[in-house]
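In: Got a sequence here, can you model it:
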Amino acid sequence: QAQLVQSGGGSLQAGGSLTLTCKASGYSLMGWFRQPLGKEREGVATLAVDGSTTYADFVKGRFTISQDIRENTLYLKMNNLNLEDTAMYYCATGFTRMGVRRLDERNFRSWGQGTQVTDNS
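Out: Okay, the predicted model is just below:
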């Protein structure tokens, strides 16, 4: 399994922005997940090799997933943050399995170490 290295994150302020980065490339599906304290991990956004994206409803219009192919880096730009966005965020790579929706963890085999986004209030 590939080693994915994450950076970014930190303390959020309501209405503010943060960007997460992940060194990853060469996979047909890449994504971001998050796990709030005491809750299960949930899919946030995915980016497929054809450029198509998928977002969870709770981040649509606020978060953007993108990739810099030359830098082998995956990004998650998070705008208009709120306290509910506090969580450990993980990047992941894999491929879309038949009959499995993009935001499902079963599509992903390699995971980053996690980056914490905390409440600054």
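
In: and the gap between the nearest residue to residue 10 once chain neighbours are set aside and residue 8?
Out: Counting by CB to CB, 6 or more residues apart in numbering, residue 18 is the residue found nearest to residue 10 once chain neighbours are left out, at 6.3 Å. C-betas here are computed from N, CA, C, even on glycine. According to CB to CB, to the nearest Å, residue 18 stands 7 Å off from residue 8.

In: Please identify which of these two sits among more neighbours.
Out: Counting neighbours by other CB atoms under 10 Å for residue 18 and for residue 8 shows that residue 18 has the greater number, 20 against 16.

In: Report the contact partners of the more buried one.
Out: 8-10, 12, 78, 81, 117 (CB atoms under 8 Å, 6 or more residues apart in numbering).

In: Now the two most distant members of the residues you listed.
Out: Pairwise distances across the contacts of residue 18 peak at 12.9 Å for 8 and 81 (criterion: CB to CB).

In: In the sheet, which residues pair with the residue nearest to the spatial centre of the chain? Tell me.
Out: Geometric centre of the chain, nearest residue: residue 32, 1.8 Å, by CA atoms, centre = their mean. When bridges are called by DSSP bridges, residue 32 pairs up with residue 45, residue 91.

In: can I assume it is in contact with residue 21?
Out: No - with contact defined as CB atoms under 8 Å, residue 32 does not count as touching residue 21 (10.7 Å).

In: returning to what we had before: among the contacts of residue 18, which one lies nearest to residue 66?
Out: Using CB to CB, the shortest approach to residue 66 within the contacts of residue 18 belongs to residue 78, at 12.0 Å.

In: quick one: low-confidence parts of this structure?
Out: Applying pLDDT under 70 to the chain picks out residues 1-2, 26, 121.

In: just the strands in it please.
Out: 5-8, 10-12, 18-23, 29-35, 42-48, 53-55, 63-68, 73-78, 87-94, 108-111, 115-119 (DSSP state E).

In: Nothing else from me, thank you.
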